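Enquirer: Build the 3D model from these lines:
(one chain, ligands or ions: 1)
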Amino acid sequence: MSTVIEKWDEILEIVKKEHDLSDVRFDTWLKPLKVFDVSGNVVTIIASDQVRLSYINKNYKLPLQVTISEVTGMTDCEVKFILPEDVPTKKSTSESTPDQNNRFKDRCEEANLNPKYTFNTFIVGSNNKLAQAAALAVAESPGNTYNPLFIYGGAGLGKTHLMHSIAHFIIENDDDSKVLYVTSEEFTNELIETIRNGNNTAMSKFREKYRNIDVLLIDDIQFIIGKESTQEEFFHTFNSLYSANKQIIISSDKPPKDMEILDERFRSRFEWGLIVDITLPDYETRMAILHKKEDMDGYNVSEDVIKYIANNIKSNIRELEGAFNKVVAYAKLEKKEVTLELAEQALKDIIAPNETKQITADYIISMVAEHYNVSTADLCGNKRSSKIVMPRQVAMYLCREILAIPLKNVGQYLGNRDHTTVMHGVEKIEKELQTNEQLQSTIDTLKKKINPQT
Ligand SMILES: Nc1ncnc2c1ncn2[C@@H]1O[C@H](COP(=O)(O)OP(=O)(O)OP(=O)(O)O)[C@@H](O)[C@H]1O
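Expert: The predicted model follows:
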């Protein structure tokens, strides 16, 4: 038992290295795994949630078994995954009774939450790492860490999902907290309705509702900016909650400094706490989100199809998920298997085949950089560490192989390198490819990423 636990970090690092996992993929899938027990040759590992459990079971069970055997000398290692709730020593007092479950559901409904949006189903990538960490910190100690928490980013990138995750977490961990999620449109409509009623009782009820809560989450704040009376009412709500040390979480499509007609009173208040952004997800994160969706919906879609969608839909996670749903629905309707051809057919209105990205040397270099988690500046620069030199040579090789351009031109794209340097790099990779299976698979993956039609 102790050897596996003692060497656990080393075991994970080996799997990471041998499977060429990026930091994001590693942090998402492998790092959260904890060894619970070792009995004979059976190693029981806790996965933090069902999504991770299914994914790890499908993709990393064998590599883990092999690596544990190699590192610890255990013969025929058998890995079993369990969820935290399956841990036998868990205190029975923390198990929820049906009544508690119902109460939890009722409270989530009252707070206007979507049950699917929790931290467990939120994939963490380099685009949202900080936002997720801040959200978790706020959820763990509402009113005491970052107040307000201001989350901004483009459409469909996960702001609402993260806000609901905070709310779910607070409701689950505090039996008494009053939590309310509202879009600024709902806030506005409710206020207009209250004003239309024209009586003081309605107005006091409105105020009581919004000022007697512990956590207010208000989505898409940009819609109330400029609407005089809504803005004024929100201002007083904000002040009242803030001075009572209640948590406020706000989302917007832009940071306060770029909201042109934002009143200075708001700008300063929004900046009192923490402002975090969510940017576009990288390829690995898009893949992880699609895998999560596949697991949660109980589908088994081939890797080719997942890569095709992840490669072509980059700017909006809602659209990424929509494309996945469309492919699955199309297959059901046509009573066919989900193949790459079917996916192309199903998505022809979204991803036009003739609109596929023009492949240039810069594009290849950026894809190699993304794959190895290094910057394109480093690939084109002078650093000589192996972390950079190998990806640089891979970029040289792929530019030659895919674009069939002269060595001299490849050198120009990669920081004005001499053609002999490029020739050496290309030859090095060609030689390695004869014996190095891992490199062969990396090159195959990269070729498919660069041109999914191959
Ligand atoms: N990191 C993530 N992990 C898993 N699913 C995600 C992630 N980010 C976004 N999604 C999913 O993408 C969809 C859109 O996300 P969400 O509605 O939270 O976006 P948004 O930023 O609030 O968009 P809008 O500004 O249009 O309201 C949701 O189904 C959500 O579950």
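Enquirer: Show me how far whichever helix or strand Leu241 is part of is from its chain's centre.
Expert: Assigned by DSSP states H and E, Leu241 falls within helix 228-243. Between the centre of helix 228-243 and the centre of its chain there are 32 Å (Cα atoms, centre = their mean, to the nearest Å).
Enquirer: repeat for stretch 400-408
Expert: For stretch 400-408 - counting by Cα atoms, centre = their mean - the centre lies 35 Å from the chain centre.
Enquirer: okay, how far is it across it, tip to tip?
Expert: 10 Å (Cα to Cα, to the nearest Å).
Enquirer: What residues sit buried inside it?
Expert: The neighbour-count check on stretch 400-408 (16 or more other Cβ atoms under 10 Å) flags Arg400, Ile402, Leu403, Leu407 as buried. Glycine gets a C-beta too; all of them are placed from N, C-alpha and C.
Enquirer: okay, these in JSON lines with pLDDT, secondary structure and distance to the ligand next?
Expert: Output for the buried residues of stretch 400-408, formatted as JSON lines (pLDDT from 0 to 100; DSSP: H, G, I helix; E, B strand; the rest coil; distance: Cβ to the nearest ligand atom, whole Å):
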{"residue": "Arg400", "pLDDT": "93", "secondary structure": "helix", "distance to the ligand": "37"}
{"residue": "Ile402", "pLDDT": "89", "secondary structure": "helix", "distance to the ligand": "31"}
{"residue": "Leu403", "pLDDT": "87", "secondary structure": "helix", "distance to the ligand": "34"}
{"residue": "Leu407", "pLDDT": "93", "secondary structure": "helix", "distance to the ligand": "42"}
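Enquirer: At which residues are the helices of the stretch 51-200 of the chain located?
Expert: 61-72, 98-110, 129-140, 159-173, 184-197, 200-211 (DSSP state H, counting those that start in this stretch).
Enquirer: go on, the stretch 201-350 of the chain?
Expert: According to DSSP H, counting those that start in this stretch, the helices that the stretch 201-350 of the chain contains are 228-243, 264-270, 283-297, 303-312, 317-334, 340-346.
Enquirer: can you list those in TSV and add mean pLDDT?
Expert: Shown next, in TSV, are the helices of the stretch 201-350 of the chain (pLDDT from 0 to 100):
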stretch	mean pLDDT
helix 228-243	92
helix 264-270	88
helix 283-297	89
helix 303-312	90
helix 317-334	94
helix 340-346	92
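Enquirer: wouldn't Ile215 be in contact with Ile249 here?
Expert: Ile isn't right for residue 215; it's Val. Yes: if you go by Cβ atoms under 8 Å, Val215 and Ile249 touch, sitting 7.2 Å apart.
Enquirer: more neighbours, these two?
Expert: More neighbours surround Ile249 than the other of Val215 and Ile249, with 28 against 24 (other Cβ atoms under 10 Å).
Enquirer: Without its sequence neighbours, what residue ends up closest to the closest residue to the ligand within the chain?
Expert: Nearest to the ligand in the chain, going by Cβ to the nearest ligand atom, is Gly158, at a distance of 2.6 Å. Using Cβ to Cβ, 6 or more residues apart in numbering and skipping the chain neighbours, the partner closest in space to Gly158 is Ile278 (5.5 Å).
Enquirer: residues near that neighbour, how many?
Expert: Quick note: Ile278 (other Cβ under 10 Å) scores 23 neighbours.
Enquirer: Pop out the phi and psi values for the residue lying closest to Ala288 once chain neighbours are set aside.
Expert: Nearest residue to Ala288, sequence neighbours excluded (Cβ to Cβ, 6+ apart): Ile123, at 4.7 Å. Reported as degrees, to the nearest 10, the phi and psi values for Ile123 are phi -80, psi 130.
Enquirer: What's the per-residue pLDDT of Ile123 here?
Expert: At Ile123, the model reports a pLDDT of 92.
Enquirer: got the contact list for stretch 45-59?
Expert: The contact list for stretch 45-59 (Cβ atoms under 8 Å, 6 or more residues apart in numbering) reads 29-30, 32-36, 64, 79-84, 87, 120-121, 291-292, 295-296.
Enquirer: from memory Gln231 sits against Ile225, does it?
Expert: Yes: counting by Cβ under 8 Å, Gln231 does reach Ile225; the two are 6.5 Å apart.
Enquirer: Does Ile250 touch Tyr146 like I think?
Expert: No: applying Cβ under 8 Å, one finds Ile250 not in contact with Tyr146, separated by 11.2 Å.
Enquirer: neighbours around Tyr210, how many?
Expert: Neighbours of Tyr210 (other Cβ under 10 Å): 22.
Enquirer: Quick check: it vs Glu193, distance?
Expert: Tyr210 is 14 Å from Glu193, where distance means Cβ to Cβ, to the nearest Å.
Enquirer: Can you pull the residues of the stretch 51-200 of the chain lying near the ligand?
Expert: By Cβ under 6 Å from any ligand atom, the residues of the stretch 51-200 of the chain that approach the ligand are 117, 121-123, 128, 153, 155-161.
Enquirer: Any of those buried? List them.
Expert: Tyr117, Thr121, Phe122, Ile123, Asn128, Gly153, Gly156, Leu157, Gly158, Lys159, Thr160, His161.
Enquirer: of all these, which two lie farthest apart?
Expert: Greatest spatial distance in these: Thr121 and Gly153, 17.9 Å, computed using Cβ to Cβ.
Enquirer: any idea how far Arg211 is from Asn197?
Expert: 18 Å.
Enquirer: Give me the neighbour count for Asp99.
Expert: Neighbours around Asp99, by other Cβ under 10 Å: 8.
Enquirer: gap between it and Ile309?
Expert: In terms of Cβ to Cβ, Asp99 sits 42 Å off from Ile309.
Enquirer: can you check Ile317 too?
Expert: 11 Å.
Enquirer: okay, and the common contacts of these two?
Expert: By Cβ under 8 Å, 6+ apart, the residues touching both Ile317 and Ile309 are Arg286.
Enquirer: Name whatever forms a beta bridge with Ser252.
Expert: On the basis of DSSP bridges, Ser252 is bridged to Tyr152.
Enquirer: what sits against it?
Expert: Phe150, Ile151, Tyr152, Asp220, Ile221, Gln222, Met259.
Enquirer: Ends of stretch 358-377, what's the gap?
Expert: 21 Å.
Enquirer: And the contacts of it?
Expert: Contacts for stretch 358-377 (Cβ under 8 Å, 6+ apart): 22-24, 282-283, 357, 378-380, 387-388, 390-391, 394-395, 398-399, 402-403, 405, 409-410, 413-414, 442, 445-446, 449-451.
Enquirer: Which members of these occur in helices, if any?
Expert: Members of these lying in helices (criterion: DSSP state H): 23-24, 283, 378-380, 387-388, 390-391, 394-395, 398, 409-410, 413, 442, 445-446, 449-450.
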